[in-house]
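Engineer: pasting a predicted model and its sequence here:
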Amino acid sequence: MLFSGLLLLLLLALLAAARLLWRLWALRTLHLPPLVPGFLHLLQPNLPIYLFDLSQKFGPVYRLRLGLQEVVVLNSKRAIEEAMVKKWVDFAGRPQTTSFKLVSPDNQDLSVGDYSPLWRAHKKLARSALLLGIRSSMESLVQEVTQEFCDRMSAQAGAPVAVHKEFSLLTCTIICHLTFGDKEDSLVRAFHDCIQDLLSTWDHWSIHILDVVPFLRFFPNPVLWRLKRALERRDRMVREQLRQHKDSLVASRCRDMTDYMLHGMKRQVSEEGSEGQLLEGHVHMAMVDLFIGGTETTATTLSWAVVYLLHHPEMQRQLQEELDRELGPSASNSRVKYKDRARLPLLNATIAEVLRLRCSVPLALPHRTTRSSSILGYDIPKDTVVIPNLLGAHLDETVWARPQDFWPQRFLEPGACPRELAFGCGARVCLGEPLARLELFVVLAQLLRAFTLLPAHGALPSLQPRPPGGVTLGVQPFHVRLLRRRPEPEERA
C-alpha cells in the first residue's frame, strides 16, 4: 500500500513537471510579466502586504509560483481596472480549483463559478432578486434590525461587549430575512453557526494548500473531513428552506429573494433566446453566496470601523457632531435614512477609508483569463490565474497620499478622489455591494448617534489583522464599551 502511494505521488510529480516544461516552451516568445523567484510565497505571514512589497521591486504586474501553480498578481489600481473593467471579458473566468469544487461541486455557484452564458443568466436573476425583488423592504429591514441591535447594546451600556459577534448576528439576521423571509432567532443562530464553521474551516491552510498542491487531497486530512461535514450541514439547511418555499409558493407573489428566484427560474424555462437552463441548484447556491458573502465580510468591516474610531476619538467626536447637526439628537424611535447620506460627507468618507485600509477580502477571489490578453503591455496567456491585490491597490502611493494613514478627509478634498475597490470591479463585482453599503451607513450612523465608543479596560484593540491563514483580513478579538450619549426618558426623570 505504501509503495503504491509513493508510486502515485511520483507519477503525479512527473506529470506536473512535464506540464510546466511544456508551458514554458509554449510561452517562450511572449512578453510576460517578470517572474519572482521562489515558490514558498504562501508561507508569508501577511500575504497581501508581502505581495504589495514585491511590487516595489518587480512592478505592479508580476508572476510568481504558489506551489506548483504560476499566477499573475496585479498590485495597482490601474492594472486591476484595466483587467477587470476595460477588458472584463478576458478576465471574467474562475479557475476551477480543488477548494472551489468542494464548495460548489456542480459549478452552480456565482462567486466561484466559471464564466459562461449560464453564469450571466444566473447573476442577472440573483441581482434582480436583490435590487428589484426586495428593494422596497430592504432599507426598512436594515433600520429595524439595527434598532434592535442598539436596544440590546443599550441594555449592556458601559459593560465590555464583544461587538464583532454582535455585528455578525446582526448581518446574519438581515440576510435570513431578505433570503427566507424569516429572522427567527433560532434560524439566525443556526445559520450563523454554520457559516462560522464553514469559514473557519475553509480558511485553514490545509484546505488552501490543496489548490497549489492538488494531489495532497489523496492524503488523510481531518480539516477536509470537517469541511465536508460543514458543507453537508449547509446544503441540508438550505434545501429545507427551498422545500418550504416551493410548498407555499404563490404565483405573482414574492415574499423574499427565494420566492423571486424560484419564479424567475420558472419564467426562464419558457423564454426564447435563453442563455442556458437555470436549475434549482443555482437558486440554492445563490442563497449560499448571500450568506457567505454577506454576513462575515460586512461584520468585519463594521468591526474595523469601531477599532479605528477607538484609536481616533477626535474623528468619532467629529462624526457625532455631524450627525447631531444634520439629523438632530437621537431618540429611541428615530431611524437613519439612506437618503440622508448626502448630508453626512464625513461619515461617507470614514466608511470609504475603512474599506480602503481594511477591505475584508484583500486578494478578492482569483480570476482566470478566458482568452489571451494583456495588462500594462505584458502578455497574459489564456487560462492564466490572476490575483487582484486590492489592498495593494489601496496602498499605491501614485494614487493615494499618505496611503498607510487613517485619513478620511482624503475623500473630502476638492477634485475627483479615487474610489476604493473593496468590493472588486467589473463583471465579478460583489453582488451584495448595494446591501453592504446600506448596512455600513445605517449601522454606523445609528451606533454613533446613540453611543460613545470607549476601549474596554483602557486597552486599545490591535490595528493589526488577525494572524492570516486564508483569504480574509479579520480583526483580532476585542471588546468595546458603549456609553449612551443621552439617558433614556425614564432615567432623566
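Structural biologist: Right, received. Where do you want to start? Since the structure is predicted, the reported quantities are computational estimates derived from the model, not experimental observations.

Engineer: and the strands in the chain, which stretches?
Structural biologist: 61-66, 69-74, 160-161, 367-368, 373-375, 378-380, 385-388, 451-455, 480-484 (DSSP state E).

Engineer: dump these into a markdown table; add mean neighbour count and mean pLDDT as well.
Structural biologist: Quick note: C-beta positions are derived from backbone N, CA and C, even for glycine. Formatted as a markdown table, the strands of the chain follow (neighbours: other Cβ atoms under 10 Å; pLDDT from 0 to 100):
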| stretch | mean neighbour count | mean pLDDT |
| --- | --- | --- |
| strand 61-66 | 21 | 93 |
| strand 69-74 | 22 | 93 |
| strand 160-161 | 16 | 94 |
| strand 367-368 | 23 | 96 |
| strand 373-375 | 19 | 97 |
| strand 378-380 | 19 | 97 |
| strand 385-388 | 24 | 96 |
| strand 451-455 | 18 | 96 |
| strand 480-484 | 18 | 95 |
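
Engineer: include distance to residue 139 when you put those strands into TSV, please.
Structural biologist: Listed next are the strands of the chain as TSV, based on distance: least, Cβ to Cβ, whole Å:
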stretch	distance to residue 139
strand 61-66	40
strand 69-74	35
strand 160-161	26
strand 367-368	32
strand 373-375	39
strand 378-380	41
strand 385-388	31
strand 451-455	22
strand 480-484	24
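
Engineer: to residue 326, which of those lies closest?
Structural biologist: Of all the strands of the chain, strand 451-455 sits nearest to residue 326, with 17.9 Å by Cβ to Cβ.

Engineer: could you check the angle that closest one makes with strand 480-484?
Structural biologist: Strand 451-455 runs at 150 degrees relative to strand 480-484, counting by axes from the mean of the first three to the mean of the last three Cα atoms, to 10 degrees.

Engineer: direction included, what does strand 451-455 pair up with?
Structural biologist: strand 480-484 (antiparallel) (DSSP bridges).

Engineer: wait, which of the strands of the chain is closest to residue 115?
Structural biologist: Of the strands of the chain, the one closest to residue 115 (Cβ to Cβ) turns out to be strand 367-368, at 8.1 Å.

Engineer: let me see the contact set for the closest residue to residue 386 other than its chain neighbours.
Structural biologist: Sequence neighbours aside, residue 367 is the residue nearest to residue 386 in space, at 4.4 Å (criterion: Cβ to Cβ, 6 or more residues apart in numbering). Applying Cβ atoms under 8 Å, 6 or more residues apart in numbering to residue 367 gives the contacts 83, 84, 91, 92, 93, 94, 95, 385, 386, 387, 388, 428.

Engineer: could you rerun that using 10 Å?
Structural biologist: Going by Cβ atoms under 10 Å, 6 or more residues apart in numbering, residue 367 touches 71-72, 74, 83-84, 88, 90-95, 115, 384-388, 424, 426-428.

Engineer: residue 197 now?
Structural biologist: Contacts of residue 197 (Cβ under 10 Å, 6+ apart): 226, 227, 229, 230, 231, 233, 234.

Engineer: how many neighbours does the last one have?
Structural biologist: Taking other Cβ atoms under 10 Å as the neighbour definition, residue 234 ends up with a count of 21.

Engineer: give me the distance between the residue lying closest to it once chain neighbours are set aside and residue 203.
Structural biologist: In this structure, residue 234 finds its nearest non-sequential neighbour in residue 194, 5.6 Å apart by Cβ to Cβ, 6+ apart. According to Cβ to Cβ, to the nearest Å, residue 194 stands 15 Å off from residue 203.

Engineer: so which of these two has more stuff around it?
Structural biologist: Between residue 194 and residue 203, counting by other Cβ under 10 Å, residue 194 is the more crowded of the two (20 against 15).

Engineer: wait, that one sits on residue 296?
Structural biologist: No - taking contacts as Cβ atoms under 10 Å, residue 194 lies outside contact range of residue 296: 11.9 Å.

Engineer: what is in contact with those two at once?
Structural biologist: Each of residue 172 lies in contact with both residue 194 and residue 296 under the rule Cβ under 10 Å, 6+ apart.

Engineer: out of the strands of the chain, flag the one nearest residue 132.
Structural biologist: strand 367-368 (27.6 Å).

Engineer: so where's the protein uncertain?
Structural biologist: Filtered on pLDDT under 70, the chain yields the residue ranges 1-28, 133, 269-276, 330-333, 416, 468-471, 487-493.

Engineer: list the contacts of the residue nearest to residue 143 when sequence neighbours are not counted.
Structural biologist: Spatially, and ignoring its direct neighbours in sequence, residue 143 is nearest to residue 335 (4.3 Å; Cβ to Cβ, 6+ apart). Residues counted as contacts of residue 335 (Cβ under 10 Å, 6+ apart) are 139, 140, 142, 143, 144, 146, 147, 327, 442, 445, 446.

Engineer: got it, and residue 110?
Structural biologist: Residue 110 sits next to 94, 104, 119, 122-123, 125-127, 282, 285-286, 288-290, 293, 428, 431 when contact means Cβ under 10 Å, 6+ apart.

Engineer: pull out the buried residues from stretch 184-203.
Structural biologist: The neighbour-count check on stretch 184-203 (16 or more other Cβ atoms under 10 Å) flags 187-188, 191-192, 194-202 as buried.

Engineer: right, I mislabeled it, should have said stretch 299-313
Structural biologist: The neighbour-count check on stretch 299-313 (16+ other Cβ under 10 Å) flags 299-310, 312 as buried.

Engineer: narrow those to those in helices?
Structural biologist: The helices, defined by DSSP state H, take in 299, 300, 301, 302, 303, 304, 305, 306, 307, 308, 309, 310 from the buried residues of stretch 299-313.

Engineer: I'd like the distance between residue 114 and residue 69.
Structural biologist: Counting by Cβ to Cβ - residue 114 and residue 69 are separated by 17 Å.

Engineer: surely residue 368 and residue 113 touch.
Structural biologist: No - contact between residue 368 and residue 113 fails when scored by Cβ under 10 Å: they sit 11.5 Å apart.

Engineer: now for the two: what residues contact both?
Structural biologist: Common neighbours of residue 368 and residue 113 (Cβ under 10 Å, 6+ apart) are 93, 94, 96.

Engineer: most neighbours, which of these?
Structural biologist: Highest neighbour count within the shared contacts of residue 368 and residue 113, by other Cβ under 10 Å: residue 93, with 25 neighbours.

Engineer: so that one sits right up against residue 428, yeah?
Structural biologist: Yes - counting by Cβ under 10 Å, residue 93 sits close enough to residue 428 to count as a contact (9.4 Å).

Engineer: need the residues touching each of these two.
Structural biologist: The contact sets of residue 93 and residue 428 overlap at 115, 367 (Cβ under 10 Å, 6+ apart).

Engineer: now flag whichever of the shared contacts of residue 368 and residue 113 is closest to residue 182.
Structural biologist: Nearest to residue 182 among the shared contacts of residue 368 and residue 113, counting by Cβ to Cβ, is residue 94 at 31.2 Å.
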